[in-house]
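In: Got a predicted structure plus its sequence, pasted below:
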Amino acid sequence: MKKGIPPVFVFMLLFQFVAASSIVGWVETPGKIEIPGYSIEIKDISLVDGSAYVKYSTPEGSYSQFLKIGQNLSVGELSFKIHQIIVGEKGHAYVSLEYPYLLEGETIRFGNYSLSLLSVNNNAVRIKLTKNNESREYTSKDVQYDNLQVKLTPYPKIFSGYLKKGETFTFYSHSITFKEALIENVSGKYKNVVKLLIDKSEYDIPVGDTIEAGMFVISTKELIGAEYVEMEVHLKGAYVNVYLTSQFEKTLKEKESMQVGPYLIVPEYILPSRAYVSIKNLCGKVLSEGFLSPGSHSKALTYRGIEVGVLNVTYASEPKTAKLIVFVTDPSIIAMKELVPEVEISPMIPSKIVQFDEVPLKIVLKNKDHVDLKNVRIFYTPSPWVELVGDNVVYVPKIEAGSSYDASFLIRVNRYGKVALGNIRIVAETSSGFSCNEDGTIEFSPILVTANVEKAVVKYDVDISAPINSTIAPFDTLIRIQNKGNVKVPVLLRIPISKFAVLNAESFTLNGSNMERLINLPPNQTAEFNIRIFPLESTNLTLRAYVVFDGEIIGGAEEKVKFFQEKPQEEVQDQNGEREPQIIYVNKTVPVYVNKTIEVPVEVPYTPLKSKILFSSAGFLLGAAAIILLAWIKAQRE
């Protein structure tokens, strides 16, 4: 025995560890919750404001009252509140009930469930959970069973510290009082004994011993003089927190579906404060539909064994979503899901999509059923701003059970930003025993595919390489273009024809006074074109080339060519005498684009022609053939 208590221990006087147990979640109405000594029953719900008619019983008697949503009902050591009501053919209430604890051997009941605390000590806990006539036992502190989640704090410490003589420690309606300290002679040995009054019974506990006293397990640690006793008190029970969740609760985007048994639940449209929801069969046929609004008191959409409510909607940000909850009022419909195929549809969007570029949209179908899926058709309906390159349907003879199939559609997106790419719809033969349509097929609810699309930058560099100075004679020209943008898209290379003709231009076409051809280069790639220019006048020449996209010039270049006259060779005297001028006939035909009409009297022998001469400024293509006379009359002396 110590004679005094150090000041540092003063704060530990009557220091208690107290926590509450709870039951939180959705219960069907009418419904009842039972705690040892108490019961609370929701008898009826008002369709006007959601207020509930509640009947409750205590050890003192039975009572009833109307309870509004959010209003607290305190009954002895219990606190009960209804937070939300969803009303369909039946009602469902989101409730919270706080109660003190569950002792060893006691049971609580709620809806179709019951929980019994079979045993507890400082090392272990054992509980039994029952739903209807099925029971399971658990030894874990954290249990998941059906729609229940149970968290246990077994054998909790509710007091640790010093209790002064004459003072009382209170735990809910129970109490422990330190009456006095005694010295007793036990078998010739003196022991310090603490006398405690627990509720209405007295217990003598030697210092250093541990006893069970009713609902408490008490350990006396030390006696300080005759005025203070240090002790620990444990509860021979547990704090039990039960969470009742819905089996079907999910946040969905517009047109996205959730399967519940043989039904598909779909938020068709999401508005700022409500959602238009449909219940469909697995073929996509609407069975029930209507507007649903979230709130503390709301209505449910019902159809043969299920009730659907909306918990909240998100409209301000993309994607718009609705959180739906489905209550199954007829459990037999859940077994019907085994009769229909279960298919997982996953769009695989490329990590980067650039406006105007062609990209593959991949759709992965996984057959999660236990039987093969046959004669599957995958339909893709693009949005108006999406071009589909190829067919919009893929046919698959069979997708084996547990396997996947990848379908691909080639698309071109003409918008940028957050873009809806279109809808994917799946039609297949149903598995044995279930058929929705007359032709024995099932249609899965369509899903909307969206993607972030990068804005296209269409830009080309153009370069012209030609001699700066030249005689009036044919010369070669190189035109080089490079895609400097971020997208591969068809563009038009345009070369205006003026004061010259063009040879070897078979890859171009004539359009008015321009030569043109389509180019389709990936980003950063280059293309080169060699053409031969035939000047038609002696004045200086300007060569131009442009790249055009969607009617706009996105790149261009020009090059000036100056002509000079060679010194007449007649002025050069040849020692060997003077030669007579000669006419040189050029018997070669080449394609030529000409931007003016030339009248040249020529006299040539008949020769078969190999190609054509095109005259652009004349406005038409001279079809047959011609021979260009290139004759220089020269007088040279040797």
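Out: That came in fine, so what should we check first?
In: any idea how far Val419 lies from Arg412?
Out: The gap separating Val419 from Arg412 is 12 Å, by C-beta to C-beta, to the nearest Å. C-betas here are computed from N, CA, C, even on glycine.
In: average pLDDT across stretch 385-392?
Out: For stretch 385-392, the mean pLDDT works out to 91.
In: ok, residues contacting that stretch?
Out: For stretch 385-392, the surrounding residues in contact (C-beta atoms under 8 Å, 6 or more residues apart in numbering) are 358, 379-382, 409-415, 419, 421-422.
In: Counting only strands, which of the residues you listed make the cut?
Out: In strands, defined here by DSSP state E, the members of the contacts of stretch 385-392 are 358, 379-382, 409-413, 419, 421-422.
In: Just the buried ones from the contacts of stretch 385-392?
Out: In terms of neighbour count (16 or more other C-beta atoms under 10 Å), the buried residues within the contacts of stretch 385-392 are Tyr380, Pro382, Phe409, Ile411, Arg412, Val413, Arg415, Val419, Leu421, Gly422.
In: Closest one to Val277 out of those residues, please.
Out: For the buried ones among the contacts of stretch 385-392, the residue nearest Val277 by C-beta to C-beta is Gly422; the value is 22.6 Å.
In: hey, what's the closest one bridged with?
Out: Pro382, Val449 (DSSP bridges).
In: Would you agree it is in contact with Tyr380?
Out: Yes - counting by C-beta atoms under 8 Å, Gly422 touches Tyr380, with 6.1 Å between them.
In: what residue ranges in the stretch 51-200 of the chain are flagged as low confidence?
Out: Confidence mapping of the stretch 51-200 of the chain against pLDDT under 70 gives the ranges 186.
In: switch to 80 and redo it
Out: Within the stretch 51-200 of the chain, the ranges that satisfy pLDDT under 80 run 184-190.
In: hey, where'd the helices end up in it?
Out: Taking DSSP state H, counting those that start in this stretch as the criterion, the stretch 51-200 of the chain carries no helices.
In: who's in contact with the closest residue to Glu400 other than its chain neighbours?
Out: Excluding its sequence neighbours, the residue lying closest to Glu400 (C-beta to C-beta, 6 or more residues apart in numbering) is Asp372, at 5.1 Å. With contacts defined as C-beta under 8 Å, 6+ apart, Asp372 is in contact with Lys398, Ile399, Glu400, Ala401.
In: Ser298 now?
Out: Ile85, Ile86, Val87, Leu292, Gly309, Val310.
In: Distance of Ala401 relative to Lys499?
Out: Distance, Ala401 to Lys499, by C-beta to C-beta: 75 Å.
In: so can I have a markdown table of the contacts of Asp372 showing neighbour count and secondary structure?
Out: As requested, these are exported to a markdown table (neighbours: other C-beta atoms under 10 Å; DSSP: H, G, I helix; E, B strand; the rest coil):
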| residue | neighbour count | secondary structure |
| --- | --- | --- |
| Lys398 | 14 | strand |
| Ile399 | 21 | strand |
| Glu400 | 13 | coil |
| Ala401 | 13 | coil |
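In: ok, those residues vs Tyr239, which is closest?
Out: Tyr239 lies nearest to Ala401 out of the contacts of Asp372, by C-beta to C-beta, at 46.3 Å.
In: where does this structure have its least confident helix or strand?
Out: Here the helix or strand of the chain ranked lowest by mean pLDDT, DSSP states H and E is strand 613-615, holding a mean of 35.
In: residue ranges with poor pLDDT in the stretch 451-600 of the chain?
Out: 468-472, 499, 501, 503-506, 537-539, 563-600.
In: Ile334: what secondary structure?
Out: The three-state assignment at Ile334 reads helix, by DSSP: H, G, I helix; E, B strand; the rest coil.
In: what residues are up against it?
Out: Val260, Gly261, Val328.
In: Out of those, which one has the weakest pLDDT?
Out: Among those, pLDDT bottoms out at Gly261, giving 85.
In: Tell me, how many residues neighbour the residue lying closest to that one once chain neighbours are set aside?
Out: What sits nearest to Gly261 in space, not counting adjacent residues and going by C-beta to C-beta, 6+ apart, is Ile333, at 4.0 Å. A count of nearby residues for Ile333, using other C-beta atoms under 10 Å, gives 17.
In: With Gly61 instead?
Out: Neighbour count of Gly61, defined by other C-beta under 10 Å: 7.
In: what sits against the spatially closest residue to Lys352 that is not a sequence neighbour?
Out: Once flanking residues are discounted, Lys352 sits nearest to Glu454: 6.6 Å by C-beta to C-beta, 6+ apart. Taking C-beta under 8 Å, 6+ apart, we find Glu454 in contact with Lys352, Ile353, Val354, Gln355, Tyr416, Asn486.
In: The second one against Thr450, yeah?
Out: No - distance between Ile353 and Thr450: 11.0 Å, which falls outside the contact criterion (C-beta under 8 Å).
In: Looking at the two, which is more packed in?
Out: Set Ile353 next to Thr450 and count neighbours by other C-beta under 10 Å: Ile353 wins out with 19 against 16.
In: Pull up the gap between the more buried one and Tyr416, please.
Out: 9 Å.
In: which residues do these two both contact?
Out: With C-beta under 8 Å, 6+ apart, Ile353 and Tyr416 have common neighbours Val453, Glu454.
In: Could you say which helix or strand holds Asn322?
Out: Quick fix: residue 322 reads Ala, not Asn. strand 321-328 (DSSP states H and E).
In: What strands flank the helix or strand just after that strand, and is each parallel or antiparallel?
Out: Following strand 321-328 in sequence order, the next helix or strand is strand 343-348 (DSSP H and E). Strand 343-348 has the following strand partners under DSSP bridges: strand 358-367 (antiparallel).
In: Can you give me the buried ones in the partner strand?
Out: In strand 358-367, counting by 16+ other C-beta under 10 Å, buried: Val359, Leu361, Ile363, Leu365, Lys366, Asn367.
In: For Tyr203, state which of those residues is nearest.
Out: Distances from Tyr203 to those, taken as C-beta to C-beta, are shortest for Lys366 (65.9 Å).
In: Am I right that that closest one is in contact with Val376?
Out: No - in this structure, Lys366 is not within contact of Val376 by C-beta under 8 Å, at 11.8 Å.
In: Tally up the residues packed near the closest residue to Glu254 other than its chain neighbours, please.
Out: What sits nearest to Glu254 in space, not counting adjacent residues and going by C-beta to C-beta, 6+ apart, is Ile270, at 5.3 Å. Residues within reach of Ile270, counting by other C-beta under 10 Å, total 21.
In: Pull the contacting residues for Ile270.
Out: Here Ile270 is in contact with Glu254, Tyr276, Val313, Thr314, Tyr315, Lys320, Thr321, Ala322 (C-beta under 8 Å, 6+ apart).
In: For Tyr263, name its beta-bridge partners.
Out: Residues in beta-bridge contact with Tyr263 (DSSP bridges): Val260, Asn281.
In: can you check the one 4 residues further on too?
Out: Pro267 has the following beta-bridge partners by DSSP bridges: Val277.
In: ditto for Leu361
Out: When bridges are called by DSSP bridges, Leu361 pairs up with Phe409.
In: tell me the pLDDT at it?
Out: pLDDT at Leu361 comes out at 92.
In: Repeat that for the one 4 residues further on.
Out: With respect to pLDDT, Leu365 has a value of 91.
In: shaky segments in the stretch 201-350 of the chain?
Out: Low-confidence segments of the stretch 201-350 of the chain (pLDDT under 80): 247, 282-285, 334-342.
In: thought Pro319 was touching Thr450?
Out: Yes - counting by C-beta under 8 Å, Pro319 touches Thr450, with 6.7 Å between them.
In: Name the residues of the helix or strand containing Leu223 that come out as buried.
Out: In this structure, Leu223 sits in strand 216-224 according to DSSP H and E. Across strand 216-224, burial judged by 16+ other C-beta under 10 Å covers Phe216, Val217, Ile218, Ser219, Thr220, Leu223, Ile224.
In: Nearest to Ile472 among the residues you listed?
Out: Using C-beta to C-beta, Val217 is the member of the buried residues of strand 216-224 that sits closest to Ile472, with 117.3 Å.
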